[in-house]
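Engineer: Got a sequence here, can you model it:
(one chain, ligands or ions: 1)
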Amino acid sequence: MKVLVVNCGSSSIKYQVFDMTDESVLAKGLVDRVGIPGTVLKHEPTGKDEVVIKKDLPDHTEGMKLVLEVLVNPEYGVIQNMEEIGAVGHRVVHGGEQFADSTVIDDKVKQVIRECFDIAPLHNPPNLMGIEACQELMPNVPHVAVFDTAFHQSMAPENFMYALPYDVYEKYKVRRYGFHGTSHFYVSHRAAEMLGKPFEECKIITLHLGNGASMAAIKNGRVIDTSMGFTPLEGLVMGTRCGDIDPAIVFYLMEKLNMNADEANSYFNKKSGMLGLSGVSNDLRDVIDAAASGNKRAQLALDVYHTRVKGYIGNYVAQLNGCDCLVFTAGVGENGIDTREAICRDLDYLGIKLDPVKNKVRGKDVDVATDDSKVRIFVIPTNEELVIARDTKRMSGK
Ligand code: ADP
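Structural biologist: Below you'll find the predicted structure:
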């Protein structure tokens, strides 16, 4: 069976084609600037040269049409005809409280995705646009939604409730959801394999450190806590998001900087984090370089970043009452040698000891803890698309 995995953003379409007989990737690609002049499609068929097509496309349906044309192209396509695609998997950011697992998309599922527009205004509308475009072009195959929130739905009320008047939970669904669930799912399962223990018996702390960043505490196969909350703004310091702050700062700065709600939203989501604090960049590599050449604000930003992560490790070790392993993943987690070292420094009281020599690796599954470390420290490149493809196969068979 071949599965097409689709991830639609407001102006982009990312795709991968999997052959599920051996889970190999036949092709992947990206359509950028959908609906904006200068649309460009970059298609990478496995083992062949990248193909770049420039053609202005007004919307996601036209974008998907071009993707499908490319996939069956005799020269650089990877399938003979569209009938070879047995199912389509869609990344959907928010599934609210309704979905603790992936699901085949029908009208009811689309309605729930629509109901979450309010709480995921940047992500769910383009996700649904992508689903509808694909359904129009491929009406005869199952379409499966895989939610970023689903894996975290196992959290208990004491972890997902905020100390706000209870009726805002009932009326407006204000609670903690967590995101990056597909990534936390993938790396925690892989970590259990590396530990040689059943997933259901492990205590795992996953650190998805990318431009967006979140952590999760996983006990006996279930997420018990995660650092992102009602939106992806809560938790760790990120590229441009502030993470945890005193909520009183929001109204204080709205008054001082004369911001309305939209402007404040953008201020804390897009102008803060490593970018705001360092004044250098949202890209951690740039901040690390600036700090190394003596930029004090860049060093301060790194110190705040590391300290926040350490705080969450302590919190999660306490909640898990122990820990078998930490798992570093995503851009920073997979590649940030210095970042991993700084985060794990002086955690030996918790049984966490990183081996600085083993740690000099990037982007492969490896244990970088010292032999006598009680807690294993894994680097595991994430693979959200593979989880989506597997779930799509699993659900479409039902
Ligand atoms: P997202 O998918 O959230 O956009 P990624 O998972 O691709 O993000 O991660 C992007 C981040 O990874 C950037 O901040 C980048 O600086 C960081 N990164 C990549 N390579 C390194 C490295 N060698 N050291 C530290 N950070 C790195």
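
Engineer: can you map out the strands along the stretch 201-350 of the chain?
Structural biologist: Using DSSP state E, counting those that start in this stretch, the strands of the stretch 201-350 of the chain run over 203-209, 213-219, 222-226, 325-329.

Engineer: do the stretch 51-200 of the chain as well
Structural biologist: Counting by DSSP E, counting those that start in this stretch, the strands of the stretch 51-200 of the chain are 51-54, 85-92, 103-104, 143-147.

Engineer: if you compare those, which one is most tucked away?
Structural biologist: strand 143-147 (a mean of 27; mean count of other C-beta atoms under 10 Å). Yep, even glycine has a C-beta here, placed from its N, CA and C like the rest.

Engineer: Could the C-alpha coordinates of that strand be exported in CSV?
Structural biologist: Extracted C-alpha coordinates of strand 143-147, given in CSV (Å, rounded to 0.1, in the frame of the first residue of the first chain):
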residue,chain,number,x,y,z
HIS,A,143,-8.5,10.3,4.3
VAL,A,144,-7.2,10.0,7.8
ALA,A,145,-6.6,12.9,10.3
VAL,A,146,-3.6,12.6,12.7
PHE,A,147,-3.8,15.2,15.4
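
Engineer: Check which helices and strands it is in contact with.
Structural biologist: Here strand 143-147 touches strand 85-92, strand 103-104, helix 124-137, helix 384-396, going by 3 or more C-beta pairs under 8 Å, 6 or more residues apart in numbering; DSSP states H and E.

Engineer: Highest average neighbour count across these: which stretch is it?
Structural biologist: By mean count of other C-beta under 10 Å, these have strand 85-92 as the most buried, with a mean of 24.

Engineer: and stretch 109-123, is it in reach of the ligand?
Structural biologist: No. Using C-beta under 6 Å from any ligand atom, stretch 109-123 stays clear of the ligand, coming no nearer than 12.9 Å.

Engineer: list the buried ones in that stretch?
Structural biologist: Val109, Lys110, Val112, Ile113, Cys116, Ile119, Ala120, His123 (16 or more other C-beta atoms under 10 Å).

Engineer: Mind checking which of these are in helices?
Structural biologist: Residues of the buried residues of stretch 109-123 located in helices (DSSP state H): Val109, Lys110, Val112, Ile113.

Engineer: Widest-spaced pair of these?
Structural biologist: Using C-beta to C-beta, these reach their maximum pairwise distance at Lys110 and Val112, which is 7.4 Å.

Engineer: Roughly how far does Glu170 sit from the ligand?
Structural biologist: 33 Å (C-beta to the nearest ligand atom, to the nearest Å).

Engineer: Sorry, wrong one. I was asking about Val17.
Structural biologist: On the measure of C-beta to the nearest ligand atom, Val17 and the ligand end up 20 Å apart.

Engineer: sec struct for that residue, please.
Structural biologist: strand (DSSP: H, G, I helix; E, B strand; the rest coil).

Engineer: does it really touch Met1, like I thought?
Structural biologist: No. Counting by C-beta atoms under 8 Å, Val17 does not reach Met1; the two are 11.3 Å apart.

Engineer: OK, contacts around the closest residue to Met1 other than its chain neighbours?
Structural biologist: Leaving aside its chain neighbours, Met1 sits nearest to Gly86 (4.1 Å; criterion: C-beta to C-beta, 6 or more residues apart in numbering). When contacts are counted by C-beta atoms under 8 Å, 6 or more residues apart in numbering, Gly86 touches Met1, Lys2, Val3, Val141, Lys393, Ser396.

Engineer: One more: Leu26?
Structural biologist: So Leu26 contacts Lys2, Val17, Phe18, Asp19, Pro45, Thr46, Val78, Ile79 (C-beta under 8 Å, 6+ apart).

Engineer: I appreciate the help and will end here.
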